[in-house]
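Peer 1: Below: sequence and its predicted model.
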Amino acid sequence: MRLAFLFVVGLISASRLPAQPTSFSGPVVAITFDAPTRSVRAVLGVPGAASFGPTLMDSVDLASVAPLQSYGLVFESGKCLFVSGLGSKTISSVVVAGVTSYPDGIVWSANGSLAILYSRAGSWFQTIAGFPSAPVAGALVDVSSLGGSFITVGVDAPGKQIAVAVSGDNGGVFQASGQSFTRLASMTQPISLSFSNNAQTLYALDAASLQVTAVTLSSHGLQTLTLPGMTNPIAIQSLEDSQNRQLLYIAGGSDRIVRILDVASQQIVNDVALSVQPTSLAPFGAGSFVLAFRAQSTNPLWLFVSTPQAGAYFVPAIQLVPPDHRAAIVGRTR
């Protein structure tokens, strides 16, 4: 009851942020958090001709926007805020009660109904459910009881099933239910998880064996998917294509490729060569992933798109304009 009361208080005290510029000149690929500039902004355009849009929020410590939505979570000044209306004239924010620690990362269900905060260093995760109408934080879940090192967490598209990966001699992939866990598969170094579109299968990448284990969740049956020729797989994502094939995308770090694997036939559809070494394969826009986030202000954002033709492209670094020159430049572009 106290948690519900605090959430209501947060709603009552919701802040109304100043109106933001919304004149996007082109299609919106996704709204994202840009770490070097501590800002939330849209990526506009199409592959090969994309750019960062205007700042929607700034002075942000950490943020994550729900997939293909205009709402997300923002951390600033020690508080976790639910923000909505991103890209509109007025952005609303409300404190999410019950969130007391900053996470290392945030993952979302594909439908945007559930967010999971997680901390590798603290060995915990915490769910926030009820988006977008009434987000409520669940209790902190301690993963240290599984032993080993907490690596990552995954959630299915409807936001109903949660899996965690723990490395070590007794490592593996576990299904989480409240504060309890069920072992799904044993592996030494699980580093990436992804659920199938129909939420019936969990894919887990093991960096030690250089292979993917597919877990049928209803029966806990296991299938091994080999990755011949790959020496440094770092991340996976599953995606269903227009032919209803379940495809697995595997990013190879030093391999500098994204492999597309047909799960049913276990045949390689394509090995897409990259000009950059990928460091992630995080969901971004519709059918696209982040290959490399911007670590410094001079870095571009590297993205991978699955359709209409699989390939990588970059979004140029944001050109920050000194305050004294902004008015003159705006005047020249009108």
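Peer 2: That came in fine, so what should we check first?

Peer 1: Next one, pLDDT for the nearest residue to A165 once chain neighbours are set aside please.
Peer 2: Leaving out its chain neighbours, the residue that sits closest to A165 by Cβ to Cβ, 6 or more residues apart in numbering is P190, at 3.8 Å. Bear in mind the C-beta positions are built from the backbone N, C-alpha and C, glycine included. Looking at P190, its pLDDT reads 98.

Peer 1: can you check the one 10 residues further on too?
Peer 2: Looking at Q200, its pLDDT reads 97.

Peer 1: Please verify my assumption that it contacts S219.
Peer 2: No - here Q200 does not reach S219: they are 10.0 Å apart, not a contact under Cβ atoms under 8 Å.

Peer 1: where in this structure is pLDDT low?
Peer 2: 1-26, 320-334 (pLDDT under 70).

Peer 1: if we can go back for a sec, can you name the residues bridging to the residue nearest to A165?
Peer 2: D206 (DSSP bridges).

Peer 1: quick one, what contacts it?
Peer 2: Contact partners of P190, counting by Cβ atoms under 8 Å, 6 or more residues apart in numbering, are 151-152, 165-167, 171-173, 204-207.

Peer 1: Please report how far it lies from V212.
Peer 2: Remark: distance between P190 and V212 (Cβ to Cβ, to the nearest Å) = 10 Å.

Peer 1: mind checking the end-to-end distance for stretch 257-275?
Peer 2: By Cα to Cα, to the nearest Å, the extent of stretch 257-275 from end to end equals 9 Å.

Peer 1: Helices of the chain, residue ranges please.
Peer 2: Using DSSP state H, the helices of the chain run over 2-12, 323-333.

Peer 1: so D271 bridges to which residues?
Peer 2: For D271, the beta-bridge partners under DSSP bridges are R259.

Peer 1: ugh, wrong one, I meant V141
Peer 2: Note on V141: beta-bridge partners by DSSP bridges are F125.

Peer 1: Count the residues that sit near it.
Peer 2: 22 (other Cβ atoms under 10 Å).

Peer 1: ditto for the one 4 residues further on
Peer 2: Burial measure for S145: 11 neighbouring residues, criterion other Cβ under 10 Å.

Peer 1: Over to S196?
Peer 2: So S196, with other Cβ under 10 Å, has 20 neighbours.

Peer 1: you'd agree it is up against L217?
Peer 2: No - using Cβ under 8 Å, S196 makes no contact with L217, being 9.2 Å away.

Peer 1: Quickly list what's touching both of these two.
Peer 2: L202.

Peer 1: do you know how far the residue nearest to A165 is from S101?
Peer 2: 24 Å.

Peer 1: now do A264
Peer 2: For A264, the distance to S101 - Cβ to Cβ - is 42 Å.

Peer 1: Among the two, which residue is more densely surrounded?
Peer 2: S101 (13 against 9).

Peer 1: which residues sit in contact with the more buried one?
Peer 2: S101 neighbours (Cβ under 8 Å, 6+ apart): 117, 119, 122, 124, 140.

Peer 1: ranking these by neighbours, who comes first?
Peer 2: Counting by other Cβ under 10 Å, L117 has the largest number of neighbours within the contacts of S101, with 27 neighbours.

Peer 1: Just the C-alphas of stretch 131-141, formatted as CSV.
Peer 2: The C-alpha trace of stretch 131-141 is given here as CSV (Å, rounded to 0.1, in the frame of the first residue of the first chain):
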residue,chain,number,x,y,z
PHE,A,131,3.6,1.0,-19.1
PRO,A,132,2.4,3.4,-20.4
SER,A,133,-0.6,4.1,-18.2
ALA,A,134,0.7,3.4,-14.7
PRO,A,135,4.3,2.1,-14.3
VAL,A,136,5.0,0.4,-11.0
ALA,A,137,8.4,-0.9,-9.8
GLY,A,138,8.7,-4.4,-8.5
ALA,A,139,10.9,-5.6,-5.7
LEU,A,140,14.7,-5.9,-6.3
VAL,A,141,15.6,-9.4,-7.3
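
Peer 1: can you list contacts of that stretch?
Peer 2: 3-4, 7, 66, 69, 71, 80, 82, 84, 96-99, 101, 112-115, 124-130, 176, 178-179.
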